[in-house]
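1. Starting from these lines, generate the structure:
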Amino acid sequence: MTLISTGLGPLRGECEGGVTVFRGVPFAAPPVGDLRWRRPDPPRSWPGIRDATAFGPIAPQTISPRQLARSGGRMDEDCLYLNVWTPAADGAKRPILVFVHGGGMISGSGSAPLLNGSRLAERADLVVVTLNYRLGALGVINAPNRLDETSAKTSANLALQDIMAALAFLRREGAAYGGDPNNIVLTGQSSGGVAVACLMAHPDAASLFDKAILQSGGLERVIAAADAAEIADGFLAAFGSKSAAELRQLPLDAIMAAQATPVGQRILPPRGEFHPFVDGDVVPEHPILAALAGRTAPIPILTGTTAQEWKTFDDASLAADFDETRLRSLVEMLLPDGAEVDVALERYRTDLAALGEAPTPRAIASHLVGDLHFVAPTELFARGHAAAGNPVYHYELEWRSPTLGLGACHNICLPLLFGTLEVGAKLSGAGAEADAMSRRLQEAWGAFARTGDPSTVATGKWPCYDPECRPTLRIGERPRVVHGQHADRLAIWQAAYPWLRNREDAPIMMS
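-> This next block holds a predicted model:
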């Protein structure tokens, strides 16, 4: 057992392998009762020694009993807890890597087995933090009038406000865990990466974190306030004309039942109605627009995607016998008006063939949708942030799953980064080669956390991203730098995004 002194009281953690772990540390007051749909309040101090050897409850979500047991066994609205893995609770001032989980803003937790931070903390000499934040209708809702909102207690984008509260907590308390509170590296994957991008557009970003890592963020999934309001109206319709006070007293089961009733629908999975939205306050503008205008926090970032993001979702969205006719229909549906279908398809066939991947209709469709949701928005964000003079490092993760059909898919970065290969073996593999790949990723992320430059012996010199030549490090068994990768096929997508289409000074993404 390890006992530390914090600003809220003494805290007892436990040793686990080569690190010390503090689980279930409250970073905000429980968001229950009158605090439901309210900005997070500061955490309360505790009398005596608080035990921090068990995970706190995860945020309410749809989850199987088996998954819940693996994530600590408890689920509750009282969910605002974080977990810390540290090599030592001393004065070493290590970088604090704060990891924001994915799950489409409707699922996930900081206690998921894939996100066990012990190996990453030990190998990279980091303080690794994971956290819970409010999800679904409790975390992302746009209904200021129904919820009796005031400017001091805005209900907008509460999931993001929870993350901000955790960052503010670590600014105050990070040193107690052996971390440097002036070197916080905000990191997120999938919807967690979207959260990081949104917070980079917040005016207080630089006061909360110092570097950022965005992994496989579907950055197009930041929606307009009007769309979020329509979703909120559909959700709240289940409760008739109940007042804000009555809504805050509803049983959690009623909230979850209403949330499970579809009130909107995306074209393709991953589906989810409760996405971050532009509210003018927490999210002042779409983060890609902020980046292109030079209004994101002036900090170094590391960002990228996997080589075959959508393969995770192929079986749910693309029939096994997906043919050329269906491919053309999909392209016509996804591409902006006026785009030439034949030109787009030829660009994808050429690019996939150059990469050694058979350009079948199903493979082309998978890359098309992956580019729309993940690859093209990430490229735009990197370009804008770099054009403003900020250090940007761009990657594509090429490591392929041993499971047939998955390839270099979405989520494969998780067991590799955290070193949880025994948990994610079907995703990443678990042999010596997978372990070596995991260590390459951990070393690079650790180098970036310490210095702002992810270059290591294994990666070689990793050049800063330049909007003109667009260098990307392809990370696999033999990392290598390429320039202007996927340029022709990514050029298709700029006009596909409504929040970018009418922007007169929008740069041509690729040429």
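2. Name the strands paired with the strand or helix carrying residue 185 and say parallel or antiparallel.
-> Element membership for residue 185 (DSSP states H and E) is strand 179-189. In the sheet, strand 179-189 lines up against strand 94-100 (parallel), strand 211-215 (parallel) (DSSP bridges).
3. Can you give me the buried ones in the helix or strand of the chain with the lowest mean pLDDT?
-> Ranked by mean pLDDT, DSSP states H and E, the weakest helix or strand in the chain is helix 498-501, scoring a mean of 74. Across helix 498-501, burial judged by 16 or more other CB atoms under 10 Å covers residue 500. All C-beta spots, glycine's among them, are computed from the backbone N, C-alpha and C.
4. could you pull out the helices for the stretch 1-150 of the chain?
-> In the stretch 1-150 of the chain, the helices defined using DSSP state H, counting those that start in this stretch lie at 65-70, 118-124, 136-139.
5. Determine which stretch of the ones you listed is the most buried.
-> Greatest average neighbour count among these goes to helix 136-139 (a mean of 24), per mean count of other CB atoms under 10 Å.
6. Can you add mean pLDDT, mean neighbour count and distance to residue 403 and give the strands paired with strand 179-189 back as a markdown table?
-> Formatted as a markdown table, the strands paired with strand 179-189 follow (pLDDT from 0 to 100; neighbours: other CB atoms under 10 Å; distance: least, CB to CB, whole Å):
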| stretch | mean pLDDT | mean neighbour count | distance to residue 403 |
| --- | --- | --- | --- |
| strand 94-100 | 98 | 27 | 24 |
| strand 211-215 | 98 | 27 | 20 |
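7. What is the burial count for residue 423?
-> Look at residue 423: counted by other CB atoms under 10 Å, it has 19 neighbours.
8. three-state assignment of it?
-> coil (DSSP: H, G, I helix; E, B strand; the rest coil).
9. got a list of what it touches?
-> Listed by CB atoms under 8 Å, 6 or more residues apart in numbering, the contact set of residue 423 reads 113, 114, 116, 415.
10. cool, and residue 291?
-> For residue 291, the contacting residues are 197, 200, 201, 380, 381, 383, 384, 385, 388, by CB under 8 Å, 6+ apart.
11. ok so, going back, any chance of the strands paired with strand 179-189 in TSV with distance to residue 127 as columns?
-> What follows is the strands paired with strand 179-189, written out as TSV (distance: least, CB to CB, whole Å):
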stretch	distance to residue 127
strand 94-100	5
strand 211-215	14
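12. quick revisit: out of the contacts of residue 291, which two sit at the greatest distance?
-> Across the contacts of residue 291, the longest distance by CB to CB is 15.3 Å; it joins 201 and 383.
13. rewinding a little: and the next helix or strand past the strand holding residue 185?
-> Using DSSP H and E, the next helix or strand after strand 179-189 towards the C-terminus is helix 191-200.
14. avg pLDDT for that next one?
-> Confidence for helix 191-200, expressed as mean pLDDT, is 98.
15. by contact count, what packs against it?
-> If contacts are counted by 3 or more CB pairs under 8 Å, 6 or more residues apart in numbering; DSSP states H and E, helix 191-200 sits against strand 94-100, helix 158-173, strand 179-189, strand 211-215, helix 287-292.
16. Now distance to residue 275 too, for those, in TSV please.
-> Formatted as TSV, the helices and strands packed on helix 191-200 follow (distance: least, CB to CB, whole Å):
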stretch	distance to residue 275
strand 94-100	15
helix 158-173	10
strand 179-189	14
strand 211-215	16
helix 287-292	12
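17. Out of these, the one nearest residue 17 is which?
-> Of the helices and strands packed on helix 191-200, nearest to residue 17 by CB to CB is strand 94-100, at 16.7 Å.
18. quick revisit: figure out which of the strands paired with strand 179-189 is closest to residue 411.
-> Within these, the stretch nearest residue 411 is strand 211-215; the backing value is 9.7 Å (CB to CB).
19. any idea of the angle the closest one forms with helix 191-200?
-> Here strand 211-215 runs at an angle of 140 degrees relative to helix 191-200 (axes from the mean of the first three to the mean of the last three CA atoms, to 10 degrees).
20. Keeping just the C-alphas, turn strand 211-215 into CSV.
-> What follows is strand 211-215, C-alpha atoms only, in CSV (Å, rounded to 0.1, in the frame of the first residue of the first chain):
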residue,chain,number,x,y,z
LYS,A,211,0.3,19.0,-25.5
ALA,A,212,-2.3,16.8,-27.3
ILE,A,213,-2.5,13.4,-29.0
LEU,A,214,-5.5,12.6,-31.2
GLN,A,215,-5.8,9.0,-32.2
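21. what residues does it touch?
-> For strand 211-215, contacts defined as CB under 8 Å, 6+ apart pick out 97, 183-190, 192-193, 196-197, 200, 297, 299-305, 378, 381, 413, 417, 445, 448-449, 452.
22. So which of the helices of the stretch 1-150 of the chain is nearest residue 320?
-> helix 65-70 (27.0 Å).
23. Remind me what the least confident helix or strand of the chain packs against, helices and strands.
-> Using 3+ CB pairs under 8 Å, 6+ apart, helix 498-501 sits against helix 287-292.
24. which of the contacts of residue 423 tops the neighbour count?
-> With neighbours defined as other CB under 10 Å, the most crowded of the contacts of residue 423 is residue 415; it has 27 neighbours.
25. how near is it to residue 219?
-> Using CB to CB, to the nearest Å, residue 415 is found at 23 Å from residue 219.
26. repeat for residue 360
-> For residue 360, the distance to residue 219 (CB to CB) stands at 28 Å.
27. ok, now residue 140?
-> Computed as CB to CB, the residue 140 to residue 219 distance reads 16 Å.
28. now swap in residue 9 and tell me
-> The gap separating residue 9 from residue 219 is 39 Å, by CB to CB.
29. Those two: which is more packed in?
-> Ranked by neighbour count (other CB under 10 Å), residue 9 and residue 219 place residue 219 first, with 25 against 13.
30. wait, doesn't the more buried one sit right on residue 292?
-> No. Residue 219 is not in contact with residue 292 according to CB atoms under 8 Å; the separation is 11.9 Å.
31. Pull up the overlap in contacts between those two.
-> Common neighbours of residue 219 and residue 292 (criterion: CB under 8 Å, 6+ apart): residue 380.
32. what sits against the residue nearest to residue 103 when sequence neighbours are not counted?
-> Take residue 103 and drop its neighbours on the chain: the residue closest to it by CB to CB, 6 or more residues apart in numbering is residue 191, 6.1 Å away. Contacts for residue 191 (CB under 8 Å, 6+ apart) come out as 102, 103, 104, 105, 108, 217, 218, 221, 272, 275.
33. Hmm, which of the residues you listed is lowest in pLDDT?
-> Lowest pLDDT within the contacts of residue 191 is found at residue 272 (59).
34. which SS state does the closest residue to residue 309 other than its chain neighbours fall under?
-> Nearest residue to residue 309 in three dimensions, chain neighbours excluded: residue 370, at 3.8 Å (CB to CB, 6+ apart). Assigned by three-state DSSP, the conformation of residue 370 is helix.
35. burial count for residue 370?
-> When neighbours are defined as other CB under 10 Å, residue 370 has 25 of them.
36. for the contacts of residue 423, which one is nearest residue 343?
-> Using CB to CB, residue 415 is the member of the contacts of residue 423 that lies nearest residue 343, at 38.4 Å.
37. Before I go, just wanted to say thanks for your time.
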